[in-house]
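**Q** The amino acid sequence is not available; the structure is as follows:
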């Protein structure tokens, strides 16, 4: 039997549920597995989500899929033509004629075709009609809870980075270039790197986090602030600022990746700059205590 073994899906986050599905696919394929994914994410194309949504950028998704042992990744542009395809049309034109699928593996909640009209029952029927083997994989659960991208997004939006890590199988991270800020952190004794993140990437809830920062291939203990600086400005712009312990040199123009270990506290507005500075000192001591275990 020739032809591809295909696992279609958005794979946002490449979390433990996805990895479970891919391992099942490898067992079934007895060989190479092809992931069929889409860009942009369908919900972004449809305008239902615009920013602060993705768990992984396209580059990160490709990296994690390759790390999981996927040998071939095919990314289809999600456009008006693809959106209007019926389930049968998608199956025949994309999976059969374009990709020569002989085996297809999906999760129980897989949907496809215009308006998500096709479900796993229709996929099984089409597989029988076109002589393609279709396998339905059960969901992966942790403590009885199904691991899903939307659940991880909700945890991160609540600041629950430790619980998100349990479902991702790794620490959630933000990656971007360091840009010049206003320099207030340096003036108060805590210089920060201002991280510019892709607007589609989901930011954890506002607050203070114990993090690890990766710059020039080296990992450093650090603390991260996500918020709009209510103590020093009204209606400030949301920013991601990282204070790397012991780092004095300027990082503007360099790539920085921040791994979220644990949330320390929510964002607060302080009565004075002096009280804010005192709290930062306490936050750093708490971050150092947390990070000593990692």
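**A** Good, I have the coordinates. What you see is a predicted model, and the numbers here were worked out from it, not measured in a lab.

**Q** What segments of the stretch 51-200 of the chain are strands?
**A** For the stretch 51-200 of the chain, the strands defined by DSSP state E, counting those that start in this stretch cover 72-77, 101-107, 133-137, 141-142, 145-146, 173-179, 193-197.

**Q** and residue 235, which of these is closest to it?
**A** strand 193-197 (17.9 Å; CB to CB). The way it works is simple: take the backbone N, C-alpha and C, and place the C-beta from them, glycine included.

**Q** ranking the strands of the stretch 51-200 of the chain by burial, who's on top?
**A** strand 101-107 (a mean of 22; mean count of other CB atoms under 10 Å).

**Q** same question for that one, mean pLDDT?
**A** Across strand 101-107, pLDDT averages out at 97.

**Q** before we move on, what about stretch 269-281?
**A** For stretch 269-281, the per-residue pLDDT averages 95.

**Q** Can you give me the buried ones in it?
**A** 276, 280 (16 or more other CB atoms under 10 Å).

**Q** cool, and stretch 146-163?
**A** If you call a residue buried by 16+ other CB under 10 Å, then stretch 146-163 has these buried ones: 147-149, 151-153, 155-156, 159-161, 163.

**Q** Was I right to think residue 85 contacts residue 117?
**A** No: under the criterion of CB atoms under 8 Å, residue 85 makes no contact with residue 117, lying 9.9 Å away.

**Q** From residue 10, how far out is the closest residue in space to residue 71 that isn't next to it in sequence?
**A** With sequence-adjacent residues excluded and distances taken as CB to CB, 6 or more residues apart in numbering, residue 71 is closest to residue 32, at 4.6 Å. Distance check for residue 32 against residue 10: by CB to CB, to the nearest Å, it reads 21 Å.

**Q** Looking at the two, which has the bigger crowd around it?
**A** Set side by side, residue 32 and residue 10 show more neighbours around residue 10, with 18 against 12, by other CB atoms under 10 Å.

**Q** The more buried one belongs to a strand, doesn't it?
**A** No: counting by DSSP: H, G, I helix; E, B strand; the rest coil, residue 10 falls outside a strand, being coil.

**Q** contacting residues around the residue lying closest to residue 3 once chain neighbours are set aside?
**A** Nearest residue to residue 3, sequence neighbours excluded (CB to CB, 6+ apart): residue 102, at 3.1 Å. Residue 102 sits next to 1-5, 132-133 when contact means CB atoms under 8 Å, 6 or more residues apart in numbering.

**Q** just those now: which is nearest residue 69?
**A** Of the contacts of residue 102, the one sitting nearest to residue 69 (CB to CB) turns out to be residue 5, at 13.0 Å.

**Q** Make sure the closest one is indeed in a helix.
**A** No: assessed with three-state DSSP, residue 5 is strand; it does not lie in a helix.

**Q** And the helices in the stretch 101-250 of the chain?
**A** Using DSSP state H, counting those that start in this stretch, the helices of the stretch 101-250 of the chain run over residues 120-129, 149-157, 161-168, 184-187.

**Q** Give me the packing partners of the longest one, helices and strands only.
**A** Okay, so that is helix 120-129. Secondary-structure packing of helix 120-129 (3 or more CB pairs under 8 Å, 6 or more residues apart in numbering; DSSP states H and E): helix 87-89, strand 101-107, strand 133-137.

**Q** that older thread, am I right that the residue nearest to residue 71 falls within a strand?
**A** No: counting by three-state DSSP, residue 32 falls outside a strand, being coil.

**Q** Between the helices and strands packed on helix 120-129, which one is closest to residue 37.
**A** Residue 37 lies closest to strand 101-107 among the helices and strands packed on helix 120-129, at 12.7 Å (CB to CB).

**Q** Tell me the strands beside that closest one, with direction?
**A** strand 4-8 (parallel), strand 133-137 (parallel) (DSSP bridges).

**Q** ok, back up a step: in terms of neighbours, single out the busier of residue 85 and residue 117.
**A** Comparing residue 85 with residue 117 by other CB under 10 Å, the one with more neighbours is residue 85, at 18 against 14.

**Q** contacting residues around that one?
**A** 93-94, 113-114.
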